[in-house]
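Trainee: sequence? don't have it. structure:
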């Protein structure tokens with residue numbers, strides 16, 4: 001057996017647990033992998049595979065191990081014979097009790113759906129009794145037998161079964177408390193005037209159910225701990241996928257419960273429990289992409305105090321823009337369409353907290369009040385909500401809005417069919433929002449309520465909703481949940497493609513984008529990336545003229561700080577030209593825009609702008625794609641770091657690919673190529689394709705994607 005290189009074996013690896021994919025440490029530049037200190041390592045590879053001596057004589061340690069193993073085998077065999085008959089009886093009784101408990105749980109859920117909270121509570125209590133009965137039946141086999149059964153592959157089903165039963169018991173208790181919370185919410189609804197949202201105190205509802213949700217969260221956590229001890233192989237094959245889905249949901253909901261418990265005081269502040277709060281809403285149209293999700297065509301102001309919505313006003317963005325008196329120089333690409341910078345172009349920076357502060361600044365300069373936070377939303381959220389609540393009749397506009405026609409019909413009303421005398425093209429949106437909100441708040445159907453929560457959470461994970469708060473504690477919570485739209489920090493590889501539609505009409509609604517990324521690890525450990533960005537325009541034959549125009553796009557590619565561009569092709573060579581003499585006209589300069597443009601280097605041969613933003617190197621350029629045509633931009637660049645095997649025979653590569661906020665998701669693939677002599681010790685995610693000399697992941701970039709691998713260099717790991 002070949003000897004492992006002595007100084008290389010005594011180490012271990014740890015994963016960072018904080019971040020969007022539980023693998024990346026944000027803000028402070030944490031590594032994907034770390035070599036642990038000697039004290040952290042519980043064993044070494046040498047201890048496992050190379051005993052300190054080989055002895056053919058008597059060894060007390062060896063004999064004790066053999067005796068102990070024999071004892072366990074004897075217990076298993078004798079115990080198996082003794083409990084065989086009893087085991088069959090227990091199995092039958094446990095299955096019957098489990099089936100009854102499951103039936104009780106389903107009836108309880110139906111009771112909540114039908115607002116029959118009394119029967120629901122009784123069914124949850126009966127489910128708990130049945131789970132307790134099943135647990136008692138299993139204990140008749142003896143706790144000792146059940147405890148040691150998990151160590152034997154052929155008997156571990158016994159331990160898994162007990163853990164499932166105990167998990168069910170905790171879920172039943174959680175259900176009882178959720179039922180109490182649902183009943184309280186229903187009573188609040190009954191007391192409220194369904195047509196007057198101002199009579200509903202969200203804070204009163206929140207505080208009344210806070211303890212119930214806290215208890216339910218604790219029980220969910222206990223259920224999760226039991227489910228984590230269940231071996232997937234112990235379950236019937238046809239049930240394994242269902243169990244895996246349940247387990248992933250348990251992780252999510254128990255995490256949400258933890259967040260709720262830890263941050264409930266922050267939510268009280270958010271709802272105006274510590275004084276009135278104002279939030280600026282930005283409605284971003286992702287058919288006309290901008291850095292944080294789309295062109296800001298409308299805005300809203302939500303005023304909330306003591307949990308009651310005092311006012312929710314929605315208006316077209318150009319109304320406040322018309323009140324702006326200060327003249328500010330816009331970013332150079334924006335100068336193609338706007339001589340001055342204002343609120344509707346404020347979302348220039350892909351890092352949403354930065355753009356949110358710009359929006360607040362412009363809103364205040366137009367005479368708007370100081371706000372406590374910003375919420376950005378794309379049409380995808382309303383489409384999902386319409387799927388949930390059903391069609392909304394709007395006779396004033398001669399239409400019925402559905403999830404399928406929402407984008408087309410509202411775009412038509414806004415662009416063409418609005419009252420020219422009233423001159424309020426966004427009125428349909430301000431009329432629709434309270435109607436949908438009323439459908440949601442007046443519904444007593446838990447399916448609708450939970451469905452709205454699911455829409456909300458999915459929209460946050462896909463960055464169709466972005467949050468920014470000036471409350472530092474609340475902002476930390478938003479950031480930790482991945483809801484902030486921040487540019488994340490990682491010491492591994494990174495990419496994010498940011499599109500900004502500049503005078504390209506609404507054509508992003510008919511442009512399909514695909515990103516192909518390849519990282520080639522060289523023999524010396526250096527890494528060269530190639531990225532091909534394909535954009536296909538499917539418009540040109542639409543009845544709506546705004547989908548038949550050329551897509552004019554300012555593209556920014558964010559990569560690790562210090563990356564060097566080797567070559568690029570497929571872009572349009574174009575240089576910025578200011579429409580005004582801003583200095584002579586005494587326009588003010590924005591410090592963040594000025595900083596970005598002053599450190600920008602422009603290649604006069606290919607038109608590429610290279611600069612730094614949000615801790616990244618940025619390559620920026622123009623692209624144009626006409627209807628029914630397709631373009632491909634290819635970039636090749638060298639990463640600022642390399643794999644180093646001098647101090648260890650293993651190393652790692654990782655990539656964080658961040659989707660652009662508000663986009664509907666690009667096609668995405670990433671390939672890791674590595675030279676001969678390397679082998680993969682570990683890779684993530686599980687569905688990554690492995691073949692000789694490379695790893696490949698194909699996914700839709702509708703959420704941030706992460707992949708990584710631990711590699712070993714055989715040339716130094718074995719001598």
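Mentor: Yes, it's here. Here the structure is a predicted model, which means the values were calculated and not measured.

Trainee: please make it C-alpha for all contacts and neighbour counts, starting now.
Mentor: OK.

Trainee: any idea how far apart the tips of stretch 483-497 sit?
Mentor: With CA to CA, to the nearest Å as the measure, the first residue of stretch 483-497 is 19 Å from its last.

Trainee: roughly how far apart are residue 602 and residue 576?
Mentor: As judged by CA to CA, residue 602 and residue 576 stand 10 Å apart.

Trainee: for residue 209, which three-state class applies?
Mentor: Secondary structure, DSSP: H, G, I helix; E, B strand; the rest coil: residue 209 is helix.

Trainee: before we move on, back to that, of residue 602 and residue 576, who's got more company?
Mentor: Remark: of residue 602 and residue 576, residue 602 carries more neighbours, 17 against 11, as counted by other CA atoms under 10 Å.

Trainee: that one: what's it in contact with?
Mentor: 608, 609, 610 (CA atoms under 8 Å, 6 or more residues apart in numbering).

Trainee: list the contacts of the second one.
Mentor: Residue 609 makes contact with 600, 601, 602, 603, 618, 619, 620, 621 under the criterion CA under 8 Å, 6+ apart.

Trainee: same deal with the first one?
Mentor: When contacts are counted by CA under 8 Å, 6+ apart, residue 608 is found next to 573, 602, 619, 620, 621.

Trainee: show me the two of those that sit farthest apart.
Mentor: Greatest spacing in those, by CA to CA: 573 and 619 (13.2 Å).

Trainee: who has more neighbours, these two?
Mentor: Taking other CA under 10 Å, residue 573 and residue 619 do not tie; residue 619 has more neighbours (24 against 15).

Trainee: which SS class is that one?
Mentor: Per three-state DSSP, residue 619 ends up strand.

Trainee: packing partners of the helix or strand containing residue 302?
Mentor: In this structure, residue 302 sits in strand 295-305 according to DSSP states H and E. Counting contacts by 3 or more CA pairs under 8 Å, 6 or more residues apart in numbering; DSSP states H and E, strand 295-305 is packed against strand 277-285, strand 308-316.

Trainee: for the record, mean pLDDT for it?
Mentor: The average of the pLDDT scores along strand 295-305 is 93.

Trainee: then stretch 600-612?
Mentor: For stretch 600-612, mean pLDDT is 97.

Trainee: equivalent analysis for stretch 233-246, please.
Mentor: For stretch 233-246, the mean confidence score works out to 69.

Trainee: tell me how far stretch 290-306 is from the chain's mean position?
Mentor: Remark: stretch 290-306 is offset 21 Å from the chain centroid, using CA atoms, centre = their mean, to the nearest Å.

Trainee: kindly apply the preceding question to stretch 492-504 instead.
Mentor: 18 Å.

Trainee: what residues does that stretch touch?
Mentor: 31-32, 288-291, 294, 333-334, 336-337, 350, 508, 549-560, 639, 653-660.

Trainee: next, count neighbours for the nearest residue in space to residue 522 that is not next to it in sequence.
Mentor: Here the nearest residue to residue 522 in space, its sequence neighbours aside, is residue 675; by CA to CA, 6 or more residues apart in numbering that works out to 6.6 Å. A count of nearby residues for residue 675, using other CA under 10 Å, gives 16.

Trainee: in which helix or strand would I find residue 675?
Mentor: Here residue 675 is covered by no helix or strand, with elements defined by DSSP H and E.

Trainee: check contacts around it.
Mentor: 521, 522, 523, 693.

Trainee: closest to residue 164 out of those?
Mentor: Nearest to residue 164 among the contacts of residue 675: residue 693, at 41.4 Å, using CA to CA.

Trainee: the closest one reaches residue 676, doesn't it?
Mentor: Yes. Between residue 693 and residue 676 there is a contact under CA atoms under 8 Å: 7.0 Å.

Trainee: what does the strand holding residue 302 rub up against?
Mentor: 271-273, 275-286, 288-289, 309-318, 344-345, 426.

Trainee: parallel or antiparallel, which strands does it pair with?
Mentor: Taking DSSP bridges as the criterion, strand 295-305 forms sheet pairs with strand 277-285 (antiparallel), strand 308-316 (antiparallel).

Trainee: looking at those strands, which is buried most?
Mentor: Across the strands paired with strand 295-305, the average number of neighbours (mean count of other CA atoms under 10 Å) peaks for strand 277-285, which reaches a mean of 24.

Trainee: lowest-scoring secondary structure element of the chain by mean pLDDT?
Mentor: Sorting the helices and strands of the chain by mean pLDDT, DSSP states H and E puts helix 45-49 at the bottom, at a mean of 27.

Trainee: for stretch 568-588, measure first residue to last.
Mentor: Per CA to CA, the first residue of stretch 568-588 is 35 Å away from its last.
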